[in-house]
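K.L.:
here is my input; please provide its structure:
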Amino acid sequence: MSFYQDRILPYLVHMAMRNETLAAYRRRVVSAAAGRILEIGIGSGLNLPYYSERATRVIGLDPSAKLLSMVTETAKLKAFPIELVKGSAETIPLEDHTIDTVLTTWTLCTIPIVSRGLAEMHRVLKPGGHLLFVEHGRSPDAKVRRWQDRLTPIWKCIGGGCHLNRAISQLLEQSGFRIDRIEMGYMKGPKPMTFMYEGSARPG
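P.N.:
Numbering: from 1, shown residues only. Next up is the predicted model:
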């Protein structure tokens, strides 16, 4: 791992994701998570304050040891147990059908082989479980899509592998999920970076 990825990028990610504009999304999506929860890309733990009393256990998965180290103090304040796991969404170290809720918040953009990551999420979810998500991705506007395609190769290099142009709803359906609810639209900010997908899906 490079010096930038190991020492600089975690702090940039932490600062960027503290943006107050994201709080309303977190409040809606994270508070709906229930039971035994797998949070993909827990990062520095910014979602932890938004879990409700319906959360009985949170397993936080992230490939960055530095970001996971930032979670520790916040985790001590929660009433439910929190387990932190260093690893990739492409190889989730859990048994089949053991998770009630999978949560992803601005994470699917960074998984290198996203189809493999979604297949793993599908595998670990119980048959009646849910995938809750809020993600940025591919815009329906042709002009914005062209900019997303142009910017993504550079953006990936500086943004920890972040893709601006992933069609989130299509990826979910191709991975065997049935979308129960989805809301799409632009958040405040540059349009290539701010087209949001928010909703829930379940294993098909």
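K.L.:
going forward, measure contacts and count neighbours with C-alpha atoms only.
P.N.:
Fine.
K.L.:
next, the buried residues of the top helix by length along the chain.
P.N.:
Criterion DSSP state H: the longest helix present in the chain is helix 142-158. Of all the residues in helix 142-158, those buried under the rule 16 or more other CA atoms under 10 Å are 144, 145, 147, 148, 149, 151, 152, 155.
K.L.:
so how far is residue 20 from the second one?
P.N.:
It stands for residue 145. With distances taken as CA to CA, to the nearest Å, residue 145 is found 26 Å from residue 20.
K.L.:
before we move on, the earlier item: is it possible to get JSON lines of the buried residues of helix 142-158 that adds pLDDT?
P.N.:
Output for the buried residues of helix 142-158, formatted as JSON lines (pLDDT from 0 to 100):
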{"residue": "144", "pLDDT": "98"}
{"residue": "145", "pLDDT": "98"}
{"residue": "147", "pLDDT": "98"}
{"residue": "148", "pLDDT": "98"}
{"residue": "149", "pLDDT": "98"}
{"residue": "151", "pLDDT": "98"}
{"residue": "152", "pLDDT": "98"}
{"residue": "155", "pLDDT": "95"}
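K.L.:
closest to residue 71 out of those?
P.N.:
residue 155 (25.7 Å; CA to CA).
K.L.:
what residues does the closest one make contact with?
P.N.:
By CA atoms under 8 Å, 6 or more residues apart in numbering, the contact list for residue 155 reads 161, 162, 163, 164.
K.L.:
kindly report the same for residue 95.
P.N.:
Listed by CA under 8 Å, 6+ apart, the contact partners of residue 95 are residue 124.
K.L.:
what's the answer for residue 22, then?
P.N.:
Contacts of residue 22 by CA under 8 Å, 6+ apart: none found.
K.L.:
wasn't it part of a helix?
P.N.:
Yes. Assessed with DSSP: H, G, I helix; E, B strand; the rest coil, residue 22 lies in a helix.
K.L.:
any idea which helix or strand in this protein has the lowest mean pLDDT?
P.N.:
Within the chain, no helix or strand scores below helix 3, which has a mean of 70 by mean pLDDT, DSSP states H and E.
K.L.:
and that one, how far out from the chain's middle?
P.N.:
Put simply, helix 3 sits 24 Å off its chain's centre (CA atoms, centre = their mean, to the nearest Å).
K.L.:
ok, back up a step: name the nearest of the contacts of residue 155 relative to residue 87.
P.N.:
The nearest member of the contacts of residue 155 to residue 87, counting by CA to CA, is residue 161 at 15.6 Å.
K.L.:
distance of that closest one relative to residue 18?
P.N.:
19 Å.
K.L.:
and what of residue 49?
P.N.:
Per CA to CA, residue 49 is found 12 Å from residue 18.
K.L.:
between these two, tell me which one has more neighbours.
P.N.:
The neighbour count for residue 49 versus residue 18, taken as other CA atoms under 10 Å, is higher for residue 49 (15 against 12).
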